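Peer 1: Got a predicted model here, sequence first, then my questions.
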Amino acid sequence: MTLGEFFELLASNPEILIFFFLACPLSAALAWWLGRGEGHLTPWKYLYTFLVYAICIPGIFAVTLNIYLFLFERQSIFDADMWTQVLPILSMLATLYLIRQNVSFDAVPGFGKIHGLMLMIGAILIVMWLVDRTHIIAISIIPFYHVILGFLILLGIGMLGWWKFTSGRDIAVAANKGDDLGHSD
């Protein structure tokens, strides 16, 4: 079974998709209503973690698929499948909005990993799109593995810079949180 056949199967029987993509925001709304103001506590934050992962993985996949189809395959927006290309994104946005109403994403375990995944996929798609649009054709005597090695080194330098940028910011945020809690030196 190919990915296209799988999407055709899901589109021809959308009941499971509709149930799942409605159940996630409804669960988040119910958790918000029942655990108002307690989202940072142990039973609720793990429910929110489950909901974040359950909805963000298909939502991120749908965003990535849409970007691929619209930029690389030149699919018309009028040919977009509502069940597999639009509903996951809308459900992800609604679920994250409802979760955010009750708890800060900093208190949800693993949310930083999903955020990092979104950044990494976005960066890869941008690089792929730029390479596709520039139509670079390299004819040289340099072996191809040298080009790949150079790209990996540049990618590593970029990741090191990003890590240094975000870790310095996290330390500053942690210092500010300590000040807000009334801690003194």
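Peer 2: Great, that's in hand. Numbering: from 1, shown residues only.

Peer 1: which residue sits closest to the residue most central in space within the chain, ignoring its sequence neighbours?
Peer 2: Closest to where the C-alpha atoms of the chain average out (Cα atoms, centre = their mean) is Met118, at 3.5 Å. The shortest distance from Met118 to any non-neighbouring residue, by Cβ to Cβ, 6 or more residues apart in numbering, is to Ile60 (5.9 Å). C-beta: built from backbone N, CA, C; applies to glycine.

Peer 1: so who does the one you found touch?
Peer 2: The contact partners of Ile60, by Cβ atoms under 8 Å, 6 or more residues apart in numbering, come to Met92, Ile114, Leu117, Met118, Ile121.

Peer 1: Now name the helix or strand holding the residue nearest to the centre of the chain.
Peer 2: Per DSSP states H and E: Met118 is located in helix 111-134.

Peer 1: and what of Thr49?
Peer 2: Applying DSSP H and E as the criterion places Thr49 in helix 42-71.

Peer 1: Report the rounded mean pLDDT for the helix or strand just after that helix.
Peer 2: Of the helices and strands lying after helix 42-71 in sequence (DSSP H and E), the nearest is helix 87-102. Average pLDDT, helix 87-102: 92.

Peer 1: tilt between helix 87-102 and helix 111-134?
Peer 2: Orientation check (axes from the mean of the first three to the mean of the last three Cα atoms, to 10 degrees): helix 87-102 against helix 111-134 gives 140 degrees.

Peer 1: Check the offset of helix 87-102 from the chain's centre.
Peer 2: Computed by Cα atoms, centre = their mean, to the nearest Å, the chain-centroid distance of helix 87-102 equals 12 Å.

Peer 1: List the contacts of the closest residue to Phe7 other than its chain neighbours.
Peer 2: Nearest residue to Phe7 in three dimensions, chain neighbours excluded: Thr84, at 5.1 Å (Cβ to Cβ, 6+ apart). Thr84 makes contact with Phe7, Leu10, Ala11, Leu17, Ala62, Leu65 under the criterion Cβ under 8 Å, 6+ apart.
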